[in-house]
Structures are given as structure tokens and as C-alpha cells.
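Colleague: give me the fold of what follows.
(one chain, ligands or ions: 1)
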Amino acid sequence: MNLKKDPCYNVTLFRTFLYHDISVLYMGKKSGGYDISRGSYNPDLMPQGFEKELERLRLQATYFWSKERKKLEYFGLKDGMRVLEIGMGPGYVTEQLLKDYPNLEIVGIDINSRFVDLAKKRFKHDPRVTFVEGSVYSMPFEKEEFDFVYVRLVFQHLKEPLDALNEIYRVLRKKGKLVVLDIDEELLGIIDPDYMNWRKYNNQVSKTQSKRGGDRRVGRKLIALFKEAGFRNVELEAILAHSDELGIENFLAQAWNEEDIDWAIKNSVISKEEGEKQKALYRLFLATPHKIIITLVFVCGGEKPLYHNPLINK
Ligand SMILES: C[S@@+](CC[C@H](N)C(=O)[O-])C[C@H]1O[C@@H](n2cnc3c(N)ncnc32)[C@H](O)[C@@H]1O
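Modeller: All right, here's what the predicted structure looks like:
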């Protein structure tokens, strides 16, 4: 690789957007009166609209699926199981699960009624799935109903993760498995060259998210939380996805692209002048042969023990 040929060879960090709260791009503008009990994620507040958010979720659910599927298998997912998917959103992951495990019986629960309606519509004639509106903190299920529980990109939005885990423990059968996929802000990824000042962007999103009761450092806490809730054989794994393998377009849809910049100019998040400068950097990034985007997500798995030990389990 001849790095000297790269237009960004001498640029280590593009210093842009240092003075703007660009987290609105991911979290929406509303700050006062936010209902923390419903989690820090709200697709209805997404600045670029619900449809664009659906597209982002769809991509996020598919682009590293082959790696994700292997992790689920490692943690014990088998065809024929009765699975609970918590916070399934519009059901994009549900769809992937059913493609690879056609005999699963999946129950999805989500706090957002729009997502539940959409998921119901998308799987209207599929007898393998049922969707329910409700919160992870108090689920309308009997105890020990499920063989496997999957919770993907939800824990970072929860104010009370331990309460959620206690409730999951209740509905999981003995020897049943729980898998949580989520992030930690400090190991979230790399953009090189860093055309969008990624750390700054990430910090701002984290701040807004914690104001809404979320926690983008939940990744590092998962092992302790699982153990505290009584899960055993707890293991923490990770999935690393990068643009060289999976295509830069998948990653750019989650990062900062030209459409986002136009939106930010139009909505006075940044000035037109800054926006144009940022667009130039974005194009420079695209023209850089050695450009790479790397993402890391945590996958934590645990088992509900066969015997309840009151000294260990509450
Ligand atoms: C970032 S989305 C992830 C959607 C999906 N799991 C995926 O990976 O594409 C977070 C989801 O969690 C749901 N959620 C947030 N808080 C919840 C709660 N307390 N109970 C159930 N679902 C919740 C949201 O409505 C949303 O659908």
C-alpha cells in the first residue's frame, strides 16, 4: 500500500464541528420533557424522520449478520427453540433469525407501538412470530416460558439494566440462554482518516444519551450485571466489522454522510460555510484509497442455572 498517494496522507485529524452539538443528528433535538422511563431511544424524534431511521436500522441489522449469527450459535441458539426478542423494533433481526433458523418460534416485545404495528404488518401471515407491545421491565409472560432471549442494541438505552435482567431471568427457562449485543463508547470504532471528528461526535451522542437515562458504556458492565442477576457461565465476546470486508457504504449510512451535512445546514446546526468545508472533507475521505471504518460490538451470553441458589441468586 502506498500511503503517500493518498490525498489524506498528511491529515491525521480533521478538526471540524468542535463547537456544535451535532448529537442532534442521532438523537433528535428535543431535550426538555423527555420521558426517561421509555429509554433513551425514540425513533419518533429522529431528526431526519422515521423512514430514514427504518433504513438505518435495516442496514444495522443486516451488514454484519453472518458474524452475529455465529455468535448466537456459539451461545447456544438452535433451530426449533422458543425465542424472546426484546426491543425487536420493526423486526429486521427477527427476519434474519428466521432465514437461518426457519423453525424458531419467536415472540418480540417492544415499547414502541409504531414499531410493534410495523412488525405485525411485516409478518402478517407468519405463524412463527408474535409481537407484543410492552416494556422489558414488566413483561406479560409466564415464568420460564423461553429457551433463548436475545436483546440487541437495547441495553444502552435502559436506565435500570439490572431490573431488566431480573425480569428476563424470570421468563427464561432453567438452562435457558440470554444474549445481549451492545456497545461501549470507548471501543465503538475507528474512522481513518477521521473526516468527521468521530470522538467528538461520539462524546456528544453519549452525553445526550445519558441525559435521557441511557448508557453508552454499558458494554463493560454486562458481565457484572449478568452475574448480579443470577446468570451463570457468563462470557463476553465481540464482533468486529470493517469496511474493507463489508463495503464502505454500509458504514457510511451509520456515520456522517453528505445527506446528513445538507440536513445540518438546512436546520442551522452548522453554517453553510462549515457544511461546505465538511463536504469537501467527506469527499476527500471517499477519495482516500486506504480509508477504513471499523466497528466493534460486545456480545454477552449467560445461562439461567438449573438450581436456584439463594446465597448467590436473589
Ligand atoms: C436501537 S433500537 C434496536 C432495534 C433492534 N433490536 C435492532 O437491533 O435493530 C432499540 C429498540 O429498543 C426498544 N426499547 C427501548 N426501551 C425499551 C424497553 N424498556 N422495553 C422494550 N423495548 C424497548 C426501542 O423501542 C427500539 O425498538
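Colleague: flag every residue of the stretch 1-150 of the chain that's near the ligand.
Modeller: Within the stretch 1-150 of the chain, the positions adjacent to the ligand are 39, 41, 57, 60-61, 86-89, 92-93, 109-112, 115, 135-137 by Cβ under 6 Å from any ligand atom. (Each C-beta comes from the backbone N, C-alpha and C, glycine too.)
Colleague: which among those count as buried?
Modeller: Buried members of those, counted by 16 or more other Cβ atoms under 10 Å: 39, 41, 57, 60-61, 86-89, 92-93, 109-112, 115, 135-136.
Colleague: surely residue 119 is in contact with residue 88?
Modeller: Yes - assessed by Cβ atoms under 8 Å, residue 119 is found in contact with residue 88 at 6.2 Å.
Colleague: which residues are in contact with both of those two?
Modeller: 94, 108, 110, 131 (Cβ atoms under 8 Å, 6 or more residues apart in numbering).
Colleague: quickly check those for the two that are furthest apart.
Modeller: 94 and 110 (10.6 Å; Cβ to Cβ).
Colleague: identify the contacts common to the two.
Modeller: Joint contacts of residue 94 and residue 110 (Cβ under 8 Å, 6+ apart) are 88, 119.
Colleague: that older thread, which ones among the residues of the stretch 1-150 of the chain next to the ligand are found in helices?
Modeller: 57, 60, 61, 92, 93, 115 (DSSP state H).
Colleague: could you export these as a markdown table, including pLDDT?
Modeller: Converted to a markdown table, those look like this (pLDDT from 0 to 100):
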| residue | pLDDT |
| --- | --- |
| 57 | 93 |
| 60 | 92 |
| 61 | 94 |
| 92 | 98 |
| 93 | 98 |
| 115 | 97 |
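Colleague: and the two most separated of those residues?
Modeller: For these, and using Cβ to Cβ, no pair is farther apart than 60 and 115, which are 14.0 Å apart.
Colleague: in the stretch 101-250 of the chain, which spans are strands?
Modeller: Applying DSSP state E, counting those that start in this stretch to the stretch 101-250 of the chain gives strands spanning 105-110, 129-133, 146-152, 172-182, 189-192, 232-242.
Colleague: who does the last one pair with, and is each partner parallel or antiparallel?
Modeller: When pairing is defined by DSSP bridges, strand 232-242 lines up against strand 292-303 (antiparallel).
Colleague: buried set for the partner strand?
Modeller: Neighbour-count burial for strand 292-303 [16+ other Cβ under 10 Å]: 293, 294, 295, 296, 297, 298, 299, 300, 301, 302, 303.
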